[in-house]
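Chemist: coordinates only, sequence not included:
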């Protein structure tokens, strides 16, 4: 039986009281020695030592001594980084993308769906979670896809330390998700102008409701375009407590999104931003972060200027940049996405920050995650080499100090059918 104990307003939430192995963090200290340690927040430490205990990093540096009784992992010739954070996935909400009954990432209703929350869909037994985890991803944003509505709903941040029935939710909600541009126009009457008009109406109605809630409850307030639950879900957005993550790609649509953010005085995050490089100075000046996938370069009418160099150009202009997969089953390839950006001009250290510390800052959890510093959660990955090289493998993954198993469904299938495969 799965027992849920949560409060959506809380910063850190946990589904199920504890793992079956008795704890979410180990009592015995673990010391990783002789490693090339990328702290991300500071310089690289050659032949350094990192110590973790009870779910936290207790020491990291070049002259750190392993405590008595510690488990020693000799990482000579290997690289240590924080666990990676994928800033947009469907993990836990999608089993088979093409099979509607097993895909809970979007809604087919055309009404506003701001109150939808992935927590109500989350499946701790999803096979994509261990597959993603063994590739060094330890945290992920679970975000809804826009279905029939231009407001898709809320997202949350989870860690992937799921064993059996446990899923740990770091923050919920993490953002409200909406779509502008071509997709938004399709859902709001066919034009970009109606898309922006509807979004303004939604935000203005929310402000009015927040101010006149008692009058609304008494039936003495005008009708709104949204349901009561949707209005309630959007109040933190108009108050600047929760960001509005807007999927937008065309340069002109990005400028409209920035203008909307200024007009409505809301926190904005740009998702996708395929033509972001064309208006990178404006994005940087607005101090609006961008979450993008650097693997796209096939033009569409919504992104004629798409290029593999988008991430590098955004970074060069001073834009706060995070790299994401925007996928479920291929979230495991996040390191490849970042490595691809490096191949097209993004500095290596910036690429590593874009999948660790920068997304932690964007999502408001950098005080506990995203870099290897004393006191932070012990999300630690030991790699056989440079994490952005395709031939590099993951040797160990720790989430909140607990080493994760390497077994996945794919590996089980390989072992099961290995002897059945013959080659002539």
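Modeler: Done, it's in. Worth saying up front: this structure is predicted, and the values here are computed from it rather than measured. Numbers count the residues shown, from 1 in each chain.

Chemist: buried set for the helix ranked longest in the chain?
Modeler: Looking across the chain with DSSP state H, the single longest helix is helix 192-211. Neighbour-count burial for helix 192-211 flags 192, 195-196, 198-199, 202-203, 205-210 (criterion: 16 or more other Cβ atoms under 10 Å). C-beta coordinates here come from the backbone N, C-alpha and C atoms, glycine included.

Chemist: again with stretch 382-389
Modeler: Buried-residue list, stretch 382-389, by 16+ other Cβ under 10 Å: 382-383, 386-388.

Chemist: equivalent analysis for stretch 276-283, please.
Modeler: 276-280, 282-283.

Chemist: which other residues reach that stretch?
Modeler: Identification of contacts with stretch 276-283 by Cβ atoms under 8 Å, 6 or more residues apart in numbering yields 251, 254-255, 258, 270, 273, 290, 292, 305, 307, 309-310, 313-314, 316-319.

Chemist: how about the helices in the stretch 1-150 of the chain?
Modeler: Assigned by DSSP state H, counting those that start in this stretch, the stretch 1-150 of the chain shows helices spanning 128-133.

Chemist: and the strands in the stretch 201-350 of the chain, which stretches?
Modeler: Assigned by DSSP state E, counting those that start in this stretch, the stretch 201-350 of the chain shows strands spanning 244-248, 268-272, 290-292, 321-323.

Chemist: I meant to write the stretch 51-200 of the chain there.
Modeler: Applying DSSP E, counting those that start in this stretch to the stretch 51-200 of the chain gives strands spanning 56-61, 71-74, 79-82, 84-89, 137-142, 151-159, 167-179.

Chemist: so can I have CSV of those strands showing distance to residue 237, mean pLDDT and mean neighbour count?
Modeler: Formatted as CSV, the strands of the stretch 51-200 of the chain follow (distance: least, Cβ to Cβ, whole Å; pLDDT from 0 to 100; neighbours: other Cβ atoms under 10 Å):
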stretch, distance to residue 237, mean pLDDT, mean neighbour count
strand 56-61, 33, 98, 19
strand 71-74, 44, 98, 14
strand 79-82, 29, 98, 25
strand 84-89, 18, 97, 29
strand 137-142, 16, 97, 28
strand 151-159, 10, 95, 26
strand 167-179, 5, 92, 24
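
Chemist: possible to save these as JSON lines with distance to residue 401?
Modeler: Rendered in JSON lines, the data for the strands of the stretch 51-200 of the chain read as follows (distance: least, Cβ to Cβ, whole Å):
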{"stretch": "strand 56-61", "distance to residue 401": "7"}
{"stretch": "strand 71-74", "distance to residue 401": "11"}
{"stretch": "strand 79-82", "distance to residue 401": "13"}
{"stretch": "strand 84-89", "distance to residue 401": "17"}
{"stretch": "strand 137-142", "distance to residue 401": "11"}
{"stretch": "strand 151-159", "distance to residue 401": "12"}
{"stretch": "strand 167-179", "distance to residue 401": "13"}
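
Chemist: relative to residue 30, which of the ones you listed is closest?
Modeler: Proximity to residue 30 (Cβ to Cβ) singles out strand 71-74 among the strands of the stretch 51-200 of the chain, at 4.8 Å.

Chemist: and for that closest one, what's in contact with it?
Modeler: In contact with strand 71-74 (Cβ under 8 Å, 6+ apart) are residues 28-34, 66, 382, 396.

Chemist: any idea of the pLDDT on residue 351?
Modeler: On the pLDDT scale, residue 351 is placed at 98.

Chemist: just the one 5 residues further on next, same as before
Modeler: With respect to pLDDT, residue 356 has a value of 98.

Chemist: touching, it and residue 371? I think so.
Modeler: Yes. Residue 356 lies in contact with residue 371 (Cβ atoms under 8 Å); the separation is 6.7 Å.

Chemist: give me the more crowded residue out of those two.
Modeler: The neighbour count for residue 356 versus residue 371, taken as other Cβ atoms under 10 Å, is higher for residue 356 (30 against 21).

Chemist: what sits against that one?
Modeler: 40, 81-85, 370-371.

Chemist: how about residue 340?
Modeler: 294-295, 308.

Chemist: out of the residues you listed, which are buried?
Modeler: The buried subset of these - by 16+ other Cβ under 10 Å - is 294-295.

Chemist: pick the one among the contacts of residue 340 closest to residue 332.
Modeler: Distances from residue 332 to the contacts of residue 340, taken by Cβ to Cβ, are shortest for residue 295, at 13.7 Å.

Chemist: I figured the closest one was touching residue 337, is that so?
Modeler: Yes. Using Cβ under 8 Å, residue 295 is in contact with residue 337, at 5.6 Å.

Chemist: just so I have it, where are all the helices in the stretch 201-350 of the chain?
Modeler: 213-217, 228-238, 251-264, 280-286, 310-316, 334-343, 348-353.

Chemist: if we can go back for a sec, restricted to strands, list the contacts of strand 71-74.
Modeler: 30-34, 382, 396 (DSSP state E).

Chemist: so where is this protein shaky, pLDDT-wise?
Modeler: Residues of the chain meeting the criterion pLDDT under 70: 1-26, 98-105, 163-166, 420-424.

Chemist: wait, what's in contact with the residue nearest in space to the middle of it?
Modeler: Note on the chain: the residue nearest the mean C-alpha position is residue 87, at 2.2 Å, using Cα atoms, centre = their mean. By Cβ under 8 Å, 6+ apart, the residues touching residue 87 are 140-141, 291, 322-324, 359, 362-363.

Chemist: that one and residue 370, how far apart?
Modeler: The spacing between residue 87 and residue 370, counted by Cβ to Cβ, to the nearest Å, is 12 Å.
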